[in-house]
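[1] what follows is a predicted protein model with its sequence.
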Amino acid sequence: MAHFAELDKDNKVVRVLVFDNKDVDNNGGDQSEQAAEHIKSMIPLSATGIKWIQTSYNNNFRKQYAGRGFTYDPEDDVFIAPQPFPSWSLNETTHDWDAPVPYPSVEEHDGIELGCYWDESGQVWMARDNDNNEYTWDHSNSVWIPS
């Protein structure tokens with residue numbers, strides 16, 4: 001199956017639709033403008049859409065599979081996920097969002113696996129164990145501290 005993202009004037013993904021590979025193969029092939037134009041003739045653009053562009057479900061091209069709300073960067077030919085938190089910044093090399101504090105290097109405390117999550121208000125990584133005990137990541141010392 002071939003997947004195409006519809007972009008608006010700001011290169012935001014409006015929707016992603018699935019098409020038969022034959023529609024792509026018989027009209028210019030993967031990532032071609034000809035295939036995108038053929039898709040446009042099959043499914044007209046929505047009121048805010050300006051073009052179709054192919055996305056890879058398996059992340060084989062354009063960095064990652066596009067989803068609604070993603071942004072297409074035409075200069076680097078990649079799809080960028082929405083910013084997860086206001087404090088996170090876009091890494092211009094990897095096109096991923098980086099937290100102000102690196103992700104914890106340890107995902108367990110006293111041998112118990114933790115579920116990590118970002119606390120935007122405290123600007124820290126937090127975690128919980130299966131008993132709902134909460135921990136704060138001490139980035140300087142690379143340890144979890146019970147909260």
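    Looks like it arrived, so ask away.

[2] tell me the domain boundaries of the chain?
    Using automatic domain parsing, the domain parsing of the chain gives 2-82, 108-146.

[3] what about the longest one, start to end distance?
    By that I understand domain 2-82. End-to-end distance for domain 2-82, by C-alpha to C-alpha, to the nearest Å: 23 Å.

[4] can you give me the strands in the chain?
    All strands of the chain, identified by DSSP state E, fall at 2-8, 13-19, 49-55, 71-73, 78-80, 89-90, 97-98, 108-109, 112-113, 115-119, 124-128, 134-138, 143-146.

[5] of all these, which lies closest to residue 65?
    Closest to residue 65 of the strands of the chain, according to C-beta to C-beta: strand 49-55, at 5.6 Å. The way it works is simple: take the backbone N, C-alpha and C, and place the C-beta from them, glycine included.

[6] name the residues that touch the closest one?
    Strand 49-55 is contacted from outside by 2-9, 14-16, 24, 30-31, 35-36, 39-40, 43, 45, 61-62, 65-66, 72, 79, using C-beta atoms under 8 Å, 6 or more residues apart in numbering.

[7] show me what counts as buried in it.
    49, 51, 52, 53, 54, 55 (16 or more other C-beta atoms under 10 Å).

[8] ok, the third one to residue 59 distance?
    This means residue 52. Residue 52 sits 19 Å away from residue 59, taking C-beta to C-beta, to the nearest Å as the criterion.

[9] quick check: end-to-end length of stretch 52-68?
    Termini of stretch 52-68 sit 13 Å apart (C-alpha to C-alpha).

[10] oh, I was asking about stretch 115-128
    5 Å.
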